[in-house]
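**Q** sequence and predicted structure below; questions after.
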Amino acid sequence: MKIIGFESSCDETAVSVLEADADGKLHILSNAVASQVETHRLYGGVVPEIAGRAHIEAISALTREALSCASTAPSELAAVAVTSHPGLIGALLVALGFAKSFAAQNDLPLVSVDHIKGHVAASYLMDTPPKPPFVALVVSGGHTSLYFVEDHTTFRRIGESRDDAIGEAFDKVGRIVGLPYPAGAAFDRLAKDGFVRATGKEEGYFAAFPKCETYKNPYYKFPSAALADGSLDFSFSGMKTAAINLLHRFEQTGTPLEGDLFAAAYTYAAVTSVLKKVDAALSRYEGASLVVAGGVAANSHLRGALSALCAKKKREIFLPPLSLCGDNGAMIAAQGYYEFLAGNVADSTLNACAADDIP
Ligand code: KG4
Ligand code: ZN
């Protein structure tokens, strides 16, 4: 069975064709992505109207490319999957309108996909995919949440950020230290330089960091993003504001900023906060494995620390390849496949929604 997936919830237009073999294993036949990052970089963040306009320019050619790379005619498809929520309304409407027309024109069923569930479904495209139930950590530019995934289509939210997402906490602070938008990947590399310099170690620097002088420097004490209220919730706005205030103080007093050490200390605070809550979630769900998803799942320090935690707790961890961590159409087609199998077919009134509706 072949399925096409459309995605335009933020600043990536993406179309992919997947094939499910007789055993239900998913294979990517094509995965075309048109990124608008360069356009939005000028403004230091995503400008919703520009995003919508860029999606509409890209989506027809991208669809032709995805079908042609997959050597697939529309008549060979079994269903059309599309992100309907959450995201920027003007952006979501482009792929949604296009997918509805594509489905109607080719007489195919239309399947609505939740973008967050799509991120988790990126893990089903790994050589050895996870099988629900499992705990999922979704870390992206717009979300930081923990879910208990009962089956492929039934998610229960067990923790979330009450304010900023972790990606935003990296991007905003990264921008102030002069990194171009989105700063996540460059901040990751800068932090690595800082960890290596602070600990003098090329390997194992993350675990060694709390013993070094930089960690003990009072300047670099950031409030924990893991709320100390017994919940599995996060709050990244406190650590982000503390970091921004520190950077402004350095600027005002002419104190030279050691950007690599600052990035290491900030990353250490963000990652250890996430670790605390993941640790608690895994303890709550005895024996459950961990699936990590979303753009920030590309962060090397988070990947390393979560792998070490899962090894210690003897839990399996599923970390999708970096190419599938950011927004893409394959993850939407993958989730669409399971929604379709569960009989979740949308009608022609399907509309976009900015908010997430996972209970
Ligand atoms: O999932 P995604 O592509 O879009 C949303 O749904 O938000 O995530 C984008 C986020 C951005 O904040 C970007 O800076 C971040 O993923 N990101 C990273 C890394 N690579 C991308 N953050 C930290 N470390 C990285 N290596
Ligand atoms: Zn996303």
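**A** Structure received. Only a predicted model underlies this, so the values are computations on that prediction, with no experimental measurement involved. Ligands and ions are numbered 1, 2, ... in the order given.

**Q** over to the residue of the stretch 101-250 of the chain found nearest ligand 1: give its phi and psi.
**A** Closest to ligand 1 within the stretch 101-250 of the chain is Gly184: 2.3 Å, counting by Cβ to the nearest ligand atom. The C-beta positions use only the backbone N, C-alpha and C, and glycine is treated the same way. Per-residue torsions, Gly184: phi -40, psi -50 (degrees, to the nearest 10).

**Q** quick one: contacts for the closest residue to it other than its chain neighbours?
**A** Counting by Cβ to Cβ, 6 or more residues apart in numbering, Phe170 is the residue found nearest to Gly184 once chain neighbours are left out, at 4.9 Å. Residues in contact with Phe170 (Cβ atoms under 8 Å, 6 or more residues apart in numbering) are Ala183, Gly184, Phe187, Thr267, Ala270, Val296, Asn299.

**Q** state the pair within the residues you listed that is farthest apart.
**A** Ala183 and Ala270 (12.9 Å; Cβ to Cβ).

**Q** more neighbours, the two?
**A** A count of neighbours by other Cβ atoms under 10 Å puts Ala270 above the other of Ala183 and Ala270, at 31 against 22.

**Q** wouldn't that one be in contact with Ser224 here?
**A** No - taking contacts as Cβ atoms under 8 Å, Ala270 lies outside contact range of Ser224: 9.4 Å.

**Q** quickly list what's touching both of these two.
**A** Met239.

**Q** so how far is Ala136 from the most centrally placed residue in the chain?
**A** Geometric centre of the chain, nearest residue: Gly294, 1.4 Å, by Cα atoms, centre = their mean. Distance, Gly294 to Ala136, by Cβ to Cβ, to the nearest Å: 10 Å.

**Q** work out for me the element Ala14 sits within.
**A** strand 12-20 (DSSP states H and E).

**Q** packing partners of the helix or strand just after that strand?
**A** Next helix or strand after strand 12-20 toward the C-terminus (DSSP H and E): strand 26-35. Contacts defined by 3 or more Cβ pairs under 8 Å, 6 or more residues apart in numbering; DSSP states H and E place strand 26-35 against strand 12-20, helix 48-69, helix 329-341.

**Q** relative to strand 26-35, how tilted is the shortest one?
**A** Using axes from the mean of the first three to the mean of the last three Cα atoms, to 10 degrees, the interaxial angle of strand 12-20 with respect to strand 26-35 works out to 170 degrees.

**Q** distance from the chain centre to strand 12-20, please.
**A** Distance of strand 12-20 from the chain centroid (Cα atoms, centre = their mean, to the nearest Å) equals 17 Å.

**Q** who are the packing partners of it?
**A** Under the contact definition 3+ Cβ pairs under 8 Å, 6+ apart, strand 12-20 sits against strand 2-7, strand 26-35, helix 48-69, helix 329-341.

**Q** how about the last one against ligand 1, any contact?
**A** What that stands for is helix 329-341. No - judged by Cβ under 6 Å from any ligand atom, helix 329-341 makes no contact with ligand 1; its nearest approach is 9.4 Å.

**Q** which bits of this protein sit near ligand 2?
**A** Ser140, Asp327 (Cβ under 5 Å from the ion).

**Q** tell me where the chain has strands.
**A** Under the criterion DSSP state E, the chain contains strands at 2-7, 12-20, 26-35, 77-85, 110-114, 134-139, 144-151, 154-160, 290-293, 317-318.

**Q** and stretch 71-79, what's buried?
**A** Under the neighbour-count criterion of 16 or more other Cβ atoms under 10 Å, stretch 71-79 has Thr72, Pro74, Leu77, Ala79 buried.

**Q** from the residues you listed, which single one is nearest ligand 2?
**A** Ala79 (21.4 Å; Cβ to the ion).

**Q** tell me the bridge partners for the closest one.
**A** Note on Ala79: beta-bridge partners Ile3, judged by DSSP bridges.

**Q** can you check the one 4 residues further on too?
**A** Beta-bridge partners of Thr83, counted by DSSP bridges, are Val113.

**Q** just checking, it touches His115?
**A** Yes - Thr83 is within contact range of His115, at 4.8 Å (criterion: Cβ under 8 Å).

**Q** around ligand 1, pick out the residues from this structure.
**A** Residues of the chain lying near ligand 1 by Cβ under 6 Å from any ligand atom: 10, 140-142, 167, 170-171, 182-185, 188, 294-296, 298-299, 326-327.

**Q** among those, name the buried ones.
**A** 10, 140-142, 167, 170-171, 182-185, 188, 294-296, 298-299, 326-327.

**Q** in helices only, show me the residues you listed.
**A** Cross-referencing these against helices under DSSP state H gives Gly167, Phe170, Asp171, Gly184, Ala185, Asp188.

**Q** the residues you listed into CSV, with extra columns for pLDDT and distance to His248?
**A** Formatted as CSV, these follow (pLDDT from 0 to 100; distance: Cβ to Cβ, whole Å):
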residue, pLDDT, distance to His248
Gly167, 97, 22
Phe170, 97, 18
Asp171, 96, 18
Gly184, 97, 22
Ala185, 97, 25
Asp188, 98, 23
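
**Q** nearest to Pro210 among those residues?
**A** Within those, the smallest distance to Pro210 is 19.4 Å, found for Asp188 (Cβ to Cβ).

**Q** and the pLDDT at His85?
**A** Looking at His85, its pLDDT is 98.

**Q** what's near enough to touch the residue nearest to it when sequence neighbours are not counted?
**A** Distance criterion Cβ to Cβ, 6+ apart; nearest residue to His85, sequence neighbours excluded, is Cys353 at 3.9 Å. By Cβ under 8 Å, 6+ apart, the contact set of Cys353 is Ser84, His85, Pro86, Ile89, Leu92.
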